[in-house]
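> Just need the structure, nothing else, for what follows:
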Amino acid sequence: MADLEVLKARKGAVRRSEIPSNVVAALNRGEIETVNLVEFLVVDHSKLFRHTRSQLALDDAPAKQIAAAIKKLSGEGVMQRLAETGKVFHASLEGNAHRETVYEQLAKHPSDILRNWAAYMDAANAKLTFAQRLKRAKLFATDANMGVREIAWMSVRVPAADGIVSQIEKLHPFAKHKNYLMRRFAIELSRPCGVWTKHISALKQQPEIAEPLLEYCREDETKYVQDSVANWLNDASKTRPDFVENLCDRWLSETNSKHTQRITHRALRTLRKKADA
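Purely as a prediction, here's the structure:
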């Protein structure tokens, strides 16, 4: 246990070759979570499932199905592996009495990879409403691991992008939440362009739809949220520069907050580059 505590306090290596063998072994046993992308990419998902399978309430049939799928996915990109593994967990356990138990075991596991599998189980569940997706994503949105927090919004956005537009009012409580991670989740989820995911055309053309979300966070004191708001507006500036310029001008006229000043400065970076070109 003492050795694990030492490993948990480590700083991540810059290169794969620099990751200590005991760290790789602990990652593949699911005893610790990754601390950066380099470690994230080195995890052997087949070994990880083999070592953690006994910790999950899995019957033999779904366990074999999941193991085979993970092995087959070994040559794919890591994001595809995560998404497809979550999908096979969902498919193999649909209607199974232990489904929610396995989900909870994954969602609260020490390994961030297993927590990501749980998030993608939700992404694969077509029966979930948009409100249910948001509720279940809260656990992942407030995860201590940055990678899990990114999967949190993707696990909602990928299967339910339409809901972000048609039911955007359901994100208002998140944007007003006392927990800054929840606020950041609301903004990242609704970004017009986003990262590693499809753009939302309606928000690219009509960013006004999400204006209330941005208003709630325009003076946010947390840089993590400030950067998210600025990136949202920078996305929008590529298709609706008029909206972004007018919004930033209004905010700066209504408040002298240093937080708003930082947000607007970063939000206008693409437009400044175009003006200087």
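> How many neighbouring residues does the residue nearest to Ala61 when sequence neighbours are not counted have?
Nearest residue to Ala61, sequence neighbours excluded (CB to CB, 6 or more residues apart in numbering): Ser92, at 7.7 Å. For glycine as for every other residue, the C-beta is placed from the backbone atoms N, C-alpha and C. Number of residues near Ser92 (other CB atoms under 10 Å) recorded here: 19.
> so Lys138, which of the three states?
helix (DSSP: H, G, I helix; E, B strand; the rest coil).
> so it touches Ala186, yeah?
No - checked against CB atoms under 8 Å, the pair Lys138 and Ala186 is beyond contact range at 11.1 Å.
> between those two, which one's more packed in?
Neighbour count, other CB under 10 Å: between Lys138 and Ala186, Ala186 has more, with 28 against 16.
> how about the nearest residue to that one, chain neighbours excluded?
Using CB to CB, 6+ apart, the closest residue to Ala186 is Phe174 (3.7 Å).
> got it, and Glu84?
Leu73 (5.4 Å).
> how much space between the one you found and Arg218?
With distances taken as CB to CB, to the nearest Å, Leu73 is found 42 Å from Arg218.
> Same question for Glu76.
For Glu76 relative to Arg218 (CB to CB), the value is 40 Å.
> Ok, Glu150 next?
For Glu150 relative to Arg218 (CB to CB), the value is 23 Å.
> Then Gln205?
22 Å.
> Between these two, which has more neighbouring residues?
Taking other CB under 10 Å, Gln205 and Arg218 do not tie; Arg218 has more neighbours (21 against 14).
> Backbone dihedrals for the more buried one, please?
phi -70, psi -20 (degrees, to the nearest 10).
> check contacts around it.
Val229, Trp251, Thr255, Ser257, His259, Thr260, Ile263 (CB atoms under 8 Å, 6 or more residues apart in numbering).
> Would you mind giving those as TSV with secondary structure and neighbour count added?
Shown next, in TSV, are the contacts of Arg218 (DSSP: H, G, I helix; E, B strand; the rest coil; neighbours: other CB atoms under 10 Å):
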residue	secondary structure	neighbour count
Val229	helix	30
Trp251	helix	20
Thr255	coil	13
Ser257	coil	15
His259	helix	18
Thr260	helix	20
Ile263	helix	29
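> Show me the two of the residues you listed that sit farthest apart.
The most widely separated members of the contacts of Arg218 are Val229 and Thr255, with 13.7 Å between them, by CB to CB.
> Can you give me the buried ones in the top helix by length along the chain?
As assigned by DSSP state H, the longest helix anywhere in the chain is helix 146-166. In terms of neighbour count (16 or more other CB atoms under 10 Å), helix 146-166 has its buried residues at 147-161, 163-164.
> Stretch 29-38 too?
Gly30, Glu31, Ile32, Glu33, Thr34, Val35, Val38.
> what's the fourth one in contact with, if anything?
What it means is Glu33. Applying CB under 8 Å, 6+ apart, the residues near Glu33 are Leu27, Pro110, Ser111, Asp112, Ile113, Asn145.
> name the element the first one belongs to?
Going back to what we said before, that points to Leu27. Assigned by DSSP states H and E, Leu27 belongs to helix 21-28.
> Who are the packing partners of that helix?
helix 2-8, helix 37-42, helix 45-52 (3 or more CB pairs under 8 Å, 6 or more residues apart in numbering; DSSP states H and E).
> how big is the angle separating the longest one from helix 21-28?
Between the direction of helix 45-52 and that of helix 21-28, the angle (axes from the mean of the first three to the mean of the last three CA atoms, to 10 degrees) works out to 70 degrees.
> name the helices or strands packed onto helix 45-52?
So helix 45-52, by 3+ CB pairs under 8 Å, 6+ apart, packs with helix 21-28, helix 60-72, helix 112-124.
> Please work out the average pLDDT along that helix.
Helix 45-52 shows a mean pLDDT of 98.
> Run through who's touching that helix.
27-30, 66-67, 70-71, 73-74, 81, 85, 109, 111, 113-114.
> could you dump it to CSV, C-alpha only?
The C-alpha trace of helix 45-52 is given here as CSV (Å, rounded to 0.1, in the frame of the first residue of the first chain):
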residue,chain,number,x,y,z
HIS,A,45,-6.2,-2.5,-22.2
SER,A,46,-6.2,-6.3,-22.6
LYS,A,47,-3.9,-6.8,-19.6
LEU,A,48,-5.9,-4.2,-17.7
PHE,A,49,-9.2,-6.0,-18.2
ARG,A,50,-7.6,-9.4,-17.4
HIS,A,51,-6.3,-8.1,-14.1
THR,A,52,-9.5,-6.3,-13.1
